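>>> How does the following fold in three dimensions:
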Amino acid sequence: MRFPNQRTVFRWIHIVISIPIYGYIYSPFDKIPGYAPPTRYVFFPLMVLTGLWMWKGHVVRRLFARRAA
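I've put the predicted structure just below:
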């Protein structure tokens, strides 16, 4: 997959994954315990990883390309 296409895919994943986090933040207080585990262990880490990949993915790819050569 080319880099611009990959970046677009990661951007949309990042946006879609952030929607449940907004629901967690702005939900009524009595519903927060139901949102907490998936938000903490699934949505937030995925959002962080996709954000880091969009920000510094070129460095990681360059690092692996040098090791393979």
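
>>> which of the residues in stretch 51-67 are buried?
Trp53, Met54 (16 or more other Cβ atoms under 10 Å). All C-beta atoms are positioned from the backbone trio N, CA, C, and that covers glycine.

>>> Figure out how far it is from the centre of its chain.
Between the mean C-alpha point of stretch 51-67 and the mean C-alpha point of its chain there is a distance of 15 Å (Cα atoms, centre = their mean, to the nearest Å).

>>> Let me see the mean pLDDT of it.
The average pLDDT for stretch 51-67 rounds to 87.

>>> what about dumping the CA coordinates of that stretch to PDB?
Taking only C-alpha atoms (Å, rounded to 0.1, in the frame of the first residue of the first chain), the coordinates of stretch 51-67 have been written out as PDB:
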ATOM      1  CA  GLY A  51      -1.700   8.800  15.900                       C
ATOM      2  CA  LEU A  52       1.900   7.900  16.500                       C
ATOM      3  CA  TRP A  53       2.000   6.000  13.200                       C
ATOM      4  CA  MET A  54       0.700   9.000  11.300                       C
ATOM      5  CA  TRP A  55       3.200  11.300  13.100                       C
ATOM      6  CA  LYS A  56       6.400   9.100  13.100                       C
ATOM      7  CA  GLY A  57       5.600   6.200  10.800                       C
ATOM      8  CA  HIS A  58       8.100   7.300   8.300                       C
ATOM      9  CA  VAL A  59      10.900   6.900  10.900                       C
ATOM     10  CA  VAL A  60       9.800   3.400  11.800                       C
ATOM     11  CA  ARG A  61       9.600   2.300   8.100                       C
ATOM     12  CA  ARG A  62      13.100   3.800   7.500                       C
ATOM     13  CA  LEU A  63      14.400   1.900  10.500                       C
ATOM     14  CA  PHE A  64      13.100  -1.400   9.300                       C
ATOM     15  CA  ALA A  65      14.200  -0.800   5.700                       C
ATOM     16  CA  ARG A  66      17.800  -0.300   6.900                       C
ATOM     17  CA  ARG A  67      17.700  -3.500   8.900                       C
END
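
>>> who are the neighbours of the helix or strand encompassing Ile25, in terms of helices and strands?
Ile25 is part of helix 3-26 when elements are defined by DSSP states H and E. Packing contacts for helix 3-26, counted by 3 or more Cβ pairs under 8 Å, 6 or more residues apart in numbering; DSSP states H and E, involve helix 32-38, helix 44-68.
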